Structure formats: C-alpha cells, structure tokens
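Undergrad: Using only what follows, build the 3D model:
(one chain, ligands or ions: 1)
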Amino acid sequence: MLDVARHFLPIGEVRRLVEAMSLLRLNVLHLHLTDDQGWRFESKTWPRLTEVGAWRDETVVGRPGNYHDQTLHPENHLNSYDGVPHGGYYTQDELRELVAVARHRGVSVMPEIDMPGHMRPVRAAYPELGYEPAPLGVGRSWGVYPEVLRVDDVGLAFCTDILGEVLDVFDSPYVHIGGDECPVFEWEASPGAQAHSRALGLDGVTQLQHWFTSRIGSYLASRSRRPVGWDEIIDEGVPEGDPVVVAWRSWTEAATRATRAGLDVIQAPPLLYFDYAAGSGEDEPLAIGPGGTLADVYAYDPYAGIVDDSRLLGLQAQLWSEYIPTAQHLWYMAFPRLVAVADIGWYGADRPPYEEFLAGLPPRLEALRDLGIGHRPLS
Ligand code: ACM
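TA: Residues are numbered from 1 along each chain as shown. Alright, predicted model coming up:
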C-alpha cells in the first residue's frame with residue numbers, strides 16, 4: 001500500500017515502484033488516493049476535490065506527537081508549520097495509463113477512496129458534505145481529523161459518484177473503501193446526524209458507519225466489484241457486499257474476528273508498517289517510530305490469527321507517507337523489507353532460512369538500483 005495523500009508522489013515514481021514490484025512479483029498495488037491532507041484522484045463531477053482538496057497551505061514540521069490520541073484535534077497543538085504549499089493529483093488519463101502499464105507487468109492496481117473518515121479535503125472543497133457545514137481547510141498536520149462525511153443520502157450520492165468514476169479508471173476486481181479511524185465526535189454533537197440515525201431506527205450515531213458501509217458495499221457488488229476495507233468495517237457487524245478485511249490494528253485479533261465471520265483477509269499488521277523505521281538506532285531518519293528490522297519482517301507468519309487458512313488472500317506492507325516526502329526516502333523505507341514480504345507471500349513456510357535469503361539479496365538489490373531505486377544499507 002502506497003499513501004500518495006500525505007505526500008504526493010509524481011506518477012513517474014509510482015510507475016517506477018510498479019517496475020520494482022514486478023521484479024519481486026508483488027502483484028497488487030493498493031493506492032491510497034485520499035486522506036485528510038490531500039485528495040489525489042481527478043473527479044469530473046466534483047472538480048473542487050482537486051481544485052481545492054489536492055492542495056494544503058503548509059505542512060507540520062517534525063512529529064506532532066498526538067497521532068494516536070483521537071480526542072486531540074490535530075491542529076490544536078503548539079506545532080510549527082513550514083509555510084510551503086504542498087499538493088498535486090493524478091488525472092484520470094494518467095491513472096488509466098498506470099493501470100495499463102501495471103497490468104502488462106503483472107501488477108493489479110487497487111484504488112482506495114477512504115470513507116467516511118479521513119475526508120477533510122472533501123469538507124474543505126464542499127462544506128455541504130458535512131452534516132453541519134463549516135469552513136475548513138485541507139489538513140496541515142498529521143493525525144486523525146474529526147471532521148468526517150455526512151453519511152445520509154447526500155453523502156452516499158457523493159460517494160457513488162466518485163466510485164463510479166473510479167470504476168471507469170481502475171479494472172481491479174477489488175476496490176478499497178477505507179473505513180478506518182472515523183471518529184464520531186462530530187456526529188454525536190450534530191442534530192442532523194442524530195436525526196438521521198433516529199430515522200433509520202439505529203441505536204445511535206455509532207451505528208451510522210456500518211449502515212453507510214453496507215450501502216457502499218452493495219453498490220460495489222451491483223457493479224461486480226468486491227469491497228475491501230480496514231478492519232473497523234466489521235466493528236458493528238459485517239456490512240453487505242462480502243467485504244475483504246485488511247487486518248491492521250492488531251497482530252492477530254482482527255484476522256481472527258474476520259475469518260471467524262467467514263470473511264477473506266489481507267494481513268497488514270504493525271510489523272508491516274514500513275513508515276516505521278527498519279530498526280531503532282539513533283541514525284534512522286525521522287519516522288513515525290522505531291519498527292521491525294529486515295530479520296523481524298522475514299520471520300513474520302501471515303497465518304497468525306487466521307482460523308481458516310483458505311481465507312487468507314495475502315499480506316501487505318504499508319508505506320504511509322507522513323514522514324516520507326520524497327521518492328528517494330520512500331525507497332529507503334521500502335527496501336529491502338519489501339523483498340522479504342514478497343518471499344513470504346510466494347514461499348510461505350517453505351521459504352529458505354534467513355541467512356540464505358540474505359545471501360541472495362545483493363543481486364536483487366542491484367536489479368532495483370538499475371531501476372533507479374535505492375535501499376537502506378544491509379548493515
Ligand atoms: C491505518 O493505518 N489507518 C489503516
């Protein structure tokens with residue numbers, strides 16, 4: 001998974017990543033196209049999404065330090081900002097070409113439009129898409145913004161418009177609809193959200209997301225696509241559309257819950273969050289925190305927590321880009337750990353011992369360097 005929302009990555013570098021994936025036989029690029037800090041998908045029906053939502057005025061400097069505390073507003077801190085506008089987006093033609101190039105290389109591009117949270121650019125571009133309209137800018141800091149989508153018929157119509165355009169561009173059988181980290185503070189305080197929840201006969205606003213995800217899931221099913229979501233999508237029950245669950249919040253619990261419910265799972269545990277450094281040394285570049293080493297990653301067992309092996313679709317590494325502003329830095333965080341992910345995926349429990357994997361790495365890294373892709377040194 002590549003996050004192009006927090007920092008925009010030029011399309012040529014995305015294509016370069018596809019070349020690397022093909023070399024390693026990584027076969028799905030999950031493209032996280034939208035988040036609080038930027039909207040990167042050109043929409044012909046909602047043009048302000050890119051006119052307004054693709055750009056932020058400036059970016060927080062360093063680590064704001066409140067990432068995991070959703071009760072604090074990301075911009076209510078004594079942060080400093082760099083004063084430098086940042087943004088960009090992909091045209092539909094650019095994305096169609098990416099899909100075609102990737103297909104030729106054996107890589108399928110799975111788009112993600114994150115809904116109904118992580119939608120601050122939507123609120124900035126179209127204030128009426130909140131239950132209670134308010135003037136807001138595109139996010140400038142990291143963390144989870146509490147301003148989310150209204151999930152009534154107006155919000156649904158917006159999402160199906162966007163997904164309709166997404167389906168015209170991407171041929172992936174799987175379409176990711178996000179679903180992670182959608183705070184309900186705003187809905188709890190909103191007469192509009194409360195009225196909507198009462199009209200639906202729900203047990204309160206906390207059930208609105210489930211209702212909404214079911215509507216979106218059945219829309220995608222009606223268009224012959226399979227919805228995929230972060231593991232929050234089953235917190236209030238299984239939504240319609242036979243969704244695939246991306247298990248991210250825990251080592252095993254989310255995968256167990258999803259497979260017990262008879263759902264397909266993609267494993268994306270904290271160890272595979274490559275925005276965390278590949279070690280804990282002082283000399284690591286600024287990252288969200290210290291993370292798993294190459295050896296730790298290679299030892300990962302994707303069947304951990306899976307109660308029915310046939311339900312495991314694969315494993316996925318995450319390249320969230322808050323602290324990854326350039327392609328060069330992306331390669332440093334991704335490689336060589338992504339090589340380990342590919343080998344786990346293809347060889348599973350039959351993969352060679354770690355020393356053998358290490359001994360085979362130099363020519364594989366050289367092939368990446370030939371593509372213009374660097375990597376973290378092996379030692
Ligand atoms: C996630 O890391 N918010 C899926």
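Undergrad: Number of residues surrounding the spatially closest residue to Ala299 that is not a sequence neighbour?
TA: Leaving aside its sequence neighbours, Ala299 sits nearest to Tyr354 (CB to CB, 6 or more residues apart in numbering; 7.3 Å). In short, each C-beta sits where N, CA and C put it, glycine included. When neighbours are counted by other CB atoms under 10 Å, Tyr354 registers 13.
Undergrad: you'd agree Tyr354 is up against Asp296?
TA: No: counting by CB atoms under 8 Å, Tyr354 does not reach Asp296; the two are 10.3 Å apart.
Undergrad: Next, the buried residues of the helix or strand in which Asp343 is found.
TA: Per DSSP states H and E: Asp343 is located in helix 337-347. Of all the residues in helix 337-347, those buried under the rule 16 or more other CB atoms under 10 Å are Arg337, Leu338, Val339, Ala340, Val341, Ala342, Asp343, Ile344, Gly345.
Undergrad: Tabulate the residues you listed in TSV, adding columns for distance to Gln194.
TA: Formatted as TSV, these follow (distance: CB to CB, whole Å):
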residue	distance to Gln194
Arg337	45
Leu338	45
Val339	51
Ala340	48
Val341	44
Ala342	48
Asp343	51
Ile344	46
Gly345	45
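Undergrad: Tell me which residue in the protein sits closest to the ligand.
TA: Nearest residue of the chain to the ligand, counting by CB to the nearest ligand atom: Asp180, 4.0 Å away.
Undergrad: Look up how far Gly281 lies from that residue.
TA: 30 Å (CB to CB, to the nearest Å).
Undergrad: ok, now Asp350?
TA: Using CB to CB, one obtains 32 Å as the distance from Asp350 to Gly281.
Undergrad: higher neighbour count, these two?
TA: Gly281 (9 against 6).
Undergrad: Assumed that one was part of a helix.
TA: No: assignment of Gly281 by DSSP: H, G, I helix; E, B strand; the rest coil gives coil, placing it outside any helix.
Undergrad: which stretches of the stretch 101-250 of the chain have low pLDDT?
TA: In the prediction, the stretch 101-250 of the chain carries no residues with pLDDT under 70.
Undergrad: For it, list the residues in contact with the ligand, please.
TA: With CB under 6 Å from any ligand atom as the criterion, the stretch 101-250 of the chain meets the ligand at residues Asp180, Glu181, Trp230, Trp248.
Undergrad: What about these, which are in strands?
TA: Trp230 (DSSP state E).
Undergrad: out of the residues of the stretch 101-250 of the chain next to the ligand, which is most surrounded?
TA: Trp230 (24 neighbours).
Undergrad: circling back to that earlier point, find the pair from the residues of the stretch 101-250 of the chain next to the ligand with maximum spatial separation.
TA: Using CB to CB, the pair of those lying farthest apart is Glu181 and Trp248, separated by 10.3 Å.
Undergrad: Could you name every residue contacting both of these two?
TA: Taking CB atoms under 8 Å, 6 or more residues apart in numbering as the contact rule, Glu181 and Trp248 both touch Trp230.
Undergrad: Please enumerate the helices of this structure.
TA: 11-24, 48-51, 92-104, 120-125, 153-169, 185-189, 191-199, 208-222, 253-260, 294-298, 327-334, 337-347, 354-370 (DSSP state H).
Undergrad: What lies in contact with the first one?
TA: Helix 11-24 is contacted from outside by 2, 4, 27, 29, 31, 90, 94, 98, 101-102, 105-107, 109, 327, 330, 334-335, 338-339, 342, 364, 367-368, 371-373, using CB under 8 Å, 6+ apart.
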